[in-house]
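K.L.:
predicted model and sequence below, questions to follow.
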Amino acid sequence: MNSELLIIYVKTPILGHVKTRLAESIGEEKALYVYRKLLGISRDCISELPVDIIVSYGNEIDENDFWEGHNMFRSQQIEGTLGERMYADIEKGFSMGYEKVCLVGSDIPELTPSILNSAFEALEKKQIVLGPAYDGGYYLIGFQQQTQNRQLLFEEIEWSTPEVLKQTLKKARKNKLSYYLVEKLKDIDRLEDLNGYGFLLD
């Protein structure tokens, strides 16, 4: 068994159920198209990583999806807030025996295998790794198995606001948890996020 686990958060691409904030600007069909492109980018990025992978669905699991590989498994997120869902999935990974667990979103067009590898490498010395997003949140979070009080980083956070990363780091410092920040990247949630990514709507 591999000692490292990557959890990627996805949704089955269904019209009207993905990238809803983006759809307010460009319509549901184009938003669905963008999300399909982002899923393809994510799949290509993680497919060759030397880690085990759980594709964690926020809606119904698509049994005919394109996520394939001997080290790739499917799961469904619990009901609850984003923090509750992420914490549950990360704890599930540790309960399966993994020593390092990272969780990442599927809407990060500039994500690379190198960034993901550096996140796992950082957990050799740091208790937490985070991938800052330009909107004030984070696109990646990971822990060592022995990190204490992990749940505190998912409690009393103003999710989907520009304060997410700041509040998370404040909790880490308050609880004397060491952390490392990988490269800052953009996630795609709104029309302005598409600037520079014209290929997404070709």
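P.N.:
Yes, it's here.

K.L.:
what about residue 23, helix or strand, and which?
P.N.:
helix 20-26 (DSSP states H and E).

K.L.:
ok now that helix, how far from the chain's centre?
P.N.:
On the basis of CA atoms, centre = their mean, to the nearest Å, helix 20-26 sits 20 Å off its chain's mean C-alpha point.

K.L.:
which elements pack onto it?
P.N.:
Helix 20-26 sits against helix 28-46, with contacts defined as 3 or more CB pairs under 8 Å, 6 or more residues apart in numbering; DSSP states H and E. (Glycine included, C-beta is placed from N, CA and C.)

K.L.:
could you give the number of residues near the closest residue to residue 111 other than its chain neighbours?
P.N.:
Leaving aside its sequence neighbours, residue 111 sits nearest to residue 45 (CB to CB, 6 or more residues apart in numbering; 5.3 Å). For residue 45, the neighbour count with other CB atoms under 10 Å is 21.

K.L.:
can you check residue 63 too?
P.N.:
Neighbour tally, residue 63, other CB under 10 Å: 7.

K.L.:
likewise residue 30?
P.N.:
Neighbours of residue 30 (other CB under 10 Å): 16.

K.L.:
pLDDT score assigned to it?
P.N.:
We have a pLDDT of 92 for residue 30.

K.L.:
cool, and residue 198?
P.N.:
If you check residue 198, the pLDDT there is 68.

K.L.:
mind listing the helices for this structure?
P.N.:
Taking DSSP state H to define them, one finds helices in the chain at 20-26, 28-46, 82-95, 113-122, 164-174.
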